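pasted the sequence and its predicted model underneath.
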Amino acid sequence: MTRLPQDLDARLGAAAPSGIEYSSTATQHGVVSAWCGLAKSEELVPVAKVLLELGARLSMLSARQLPAPEQEEEEEEEAAEGEAQAAKPEKVPPKTFGGTPLDGTSYEIDYHFDIGGDTLTVIAYVPAGGSIASLTQYFRPADWPEREIMEMYSIAIPDHPDPRRLFIDPAIDTAVLERLIPYSVLVNASSTKALWDKVLSMKGGAS
Amino acid sequence: MSADISRTCKLPVGPVHVALEEPMYFRVDIDGETVRGVDINAGHVHRGIEYLCTKRTVYQNVVLTERICSLCSNSHPETFCMAAEQIARLEIPERAAYLRVISAEVKRIASHLFNVGILAHLTGYDTLFMHAMQVREIVQDLKETVFGNRMDLAALCIGGVRYDLDAETTAYLTAALDKLAPEAAELAKTFRNNGSILRRTKGVGVLTREEGLACGVVGPVARASGIDYDVRVVAPYAAYDRLNVPVPVLPDGDVWSRAMIRLTEVGQAIQLIRDCLRDLPEGPTHLHDRPDIPEGRAVAKCEAPRGELIYFLKTSGADEPERVRWRVPSFMNWDALRFMFRGAKLADIAIIVNSIDPCVSCTER
């Protein structure tokens, strides 16, 4: 009893001619979650326009840095060693179906749309240092989440109408979710270094 | 010369303000007593919980998500568990489904009564504020008795619930609801008829249906603006597909309508809990301990007291999830303040902010 149109994948495919990766699952209550990966992130806006016509509501944006597939690389190394390094295979990182390299630096941005209770997630892949179009002019609820993505990751959204920081202070470097920030720095407690020096010197003196 | 002088002046409201339990900073443009514009500056309680979630196991995250917010401390773990259960293809036992509804609706009553109580305080009707909080105390005592704490913490787990009702707690729950129902009805009657309340809330902070749809507002804010949307009905979960969930909708979109939606939902939540107690099946309350969560991704949503709460969970098969992301109802509703403030009086700012039942801890995570 899905509320998604029967020909949704065809409509999305028509808006994104470079290709889509479409799948869907349903819960035991019949609530559908559909997923639509885009081969080219430039086709996000045409897809969003299709969803705007369908009366979809942009519910949430999620971004994440795609992890590098560690296991496969290790196997490659082992294989290379086994061949006594006869011919070193060039390490080519695997790619998404659209060609975005999966080397641990690319991003996935998920746009979760609500259509009458069912969820369609449009997935765009952005390589490191890449950018993505803003959906704020089509979907007002994209405003804050896009600002949040810009401060959490090194993703540029050049045409965002209000690209100020949302939660993180402008004094803090961007891409906070990609770095470890020590707690002492976070709470501005690095001034206690003098205390630690004293503790360590006392410990050194005792031993 | 006079043309150079701006007619408006900027007034800071917050970050620490008498009407807000949590810090949020509004830079309000005022022209005399009238609001002309508002800029919202957030981030005062940003704690990086999304990052923390990826450093803890899926099971530790049930505990962590409970601590995102006080008034939704049931909705966060519930939605997180639903996402994990979707990935692992787990079906929770029937009894657990009903018990989840009971814990969610108890939480809804407590949250809504708190909000309308604060509204009474902001209108200057402190006697009613104290009365509403006293009525809410029935629910707080109920939570302490049934869940062992006044926050409804640790009621849920992946695969079911961690509490059960026996004859004694069921009798207490029934008696508490019998005591609460007439008090809540009386409170609703006061909000419907009292001149002081009506004068301060009717026609104030209006959000039209079109504006609400554009902002993507959810929960009582949406339903008070004529948007008929309730996750419990459109995307049922737990036992809501077997229960009669009425969705109250009002057309005016003002502060009063939002309060009335909440008060109506208090009465309906009481009825839902009674229905659950009537239909509560026997059986286990959760699946076997700690089922494995394989690689996968899921989106889950539930109707928290303030509206649609949505979670995205991506797991890799490791103990820690790759990404946990959620969007709370308040996140959407802040934007609507820009419309609600339009032409509002300075004295109504606090009442309008309170009417979206804002949760800063939830919003900033």
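Received, thanks. Numbers count the residues shown, from 1 in each chain, chains lettered A, B, ... in the order given.

what does chain A have sitting close to chain B?
Neighbours of chain B within chain A, by Cβ under 8 Å from any Cβ of the partner chain: A:3, A:25, A:27-29, A:31, A:33, A:35, A:57-60, A:62, A:64, A:67, A:110, A:112, A:114, A:116-119, A:121, A:139-141, A:143-145, A:165-169, A:176-177. Every C-beta, even on glycine, is put in place using the N, C-alpha and C of the backbone.

neighbours around the residue in the stretch 201-350 of chain B that chain A sits nearest to, how many?
Residue nearest to chain A within the stretch 201-350 of chain B: B:V234 (3.2 Å; Cβ to the nearest Cβ). B:V234 sits with 18 neighbouring residues when counted by other Cβ atoms under 10 Å in any protein chain shown.

dump the residue contacts of it.
A:R3, A:G116, A:G117 (Cβ atoms under 8 Å, 6 or more residues apart in numbering or on different chains).

what about the helices in chain A?
A:8-15, A:44-53, A:70-82, A:143-152, A:183-186, A:193-206 (DSSP state H).

what residue in chain A comes nearest to chain B?
The minimum distance from chain A to chain B, using Cβ to the nearest Cβ, falls at A:G117 (3.2 Å).

wait, isn't that residue in contact with B:V231?
Yes - counting by Cβ atoms under 8 Å, A:G117 touches B:V231, with 7.2 Å between them.

so between the two, which is more surrounded?
Neighbours per residue (other Cβ under 10 Å) separate A:G117 from B:V231, with B:V231 holding more: 25 against 20.

what's near enough to touch that one?
B:V231 makes contacts with A:G117, B:Y237, B:K301, B:C302, B:E303, B:E308, as judged by Cβ under 8 Å, 6+ apart.

so for the nearest residue to B:A188 once chain neighbours are set aside, what's the pLDDT?
In space, and not counting its chain neighbours, B:A188 is closest to B:L263: 4.1 Å by Cβ to Cβ, 6 or more residues apart in numbering or on different chains. You'll see B:L263 listed with a pLDDT of 94.

for B:L263, the count of nearby residues, please.
24.

what do you get for the one 5 residues further on?
The burial metric for B:Q268, expressed as a neighbour count using other Cβ under 10 Å, is 17.

B:E78 falls within a helix, correct?
Yes - assessed with DSSP: H, G, I helix; E, B strand; the rest coil, B:E78 lies in a helix.

thinking it is in contact with B:L156, fair?
Yes - between B:E78 and B:L156 a contact is recorded at 5.5 Å, counting by Cβ under 8 Å.

number of residues surrounding B:E210?
12.

does it sit in a helix or strand, and which one?
Following DSSP states H and E, one finds B:E210 within helix B:209-215.

hmm, stretch B:50-59 touching chain A?
Yes - part of stretch B:50-59 sits near chain A under the criterion Cβ under 8 Å from any Cβ, namely B:E50, B:Y51.

okay, how far is it across that stretch, tip to tip?
15 Å (Cα to Cα, to the nearest Å).

spatially nearest residue to residue 17 (excluding sequence neighbours)?
All of this is about chain A. Of all residues not flanking A:P17 in the chain, A:E43 sits nearest, at 7.5 Å (Cβ to Cβ, 6+ apart).

other chain: chain B
B:A350 (7.4 Å).

could I get the pLDDT score of residue 207?
Using chain A. 47.

correction: the question concerned chain B.
You'll see B:L207 listed with a pLDDT of 91.

again, but for B:N115
91.

tell me the secondary structure at it.
helix.

near chain A, which residues of chain B? Just list them.
So chain B meets chain A at B:42-43, B:46, B:48, B:50-51, B:86, B:91, B:213-216, B:231, B:234-237, B:241, B:297-299, B:301, B:308, B:310, B:312, B:314, B:316, B:322-323, B:325-327, B:331-332, B:334-335, B:364 (Cβ under 8 Å from any Cβ).
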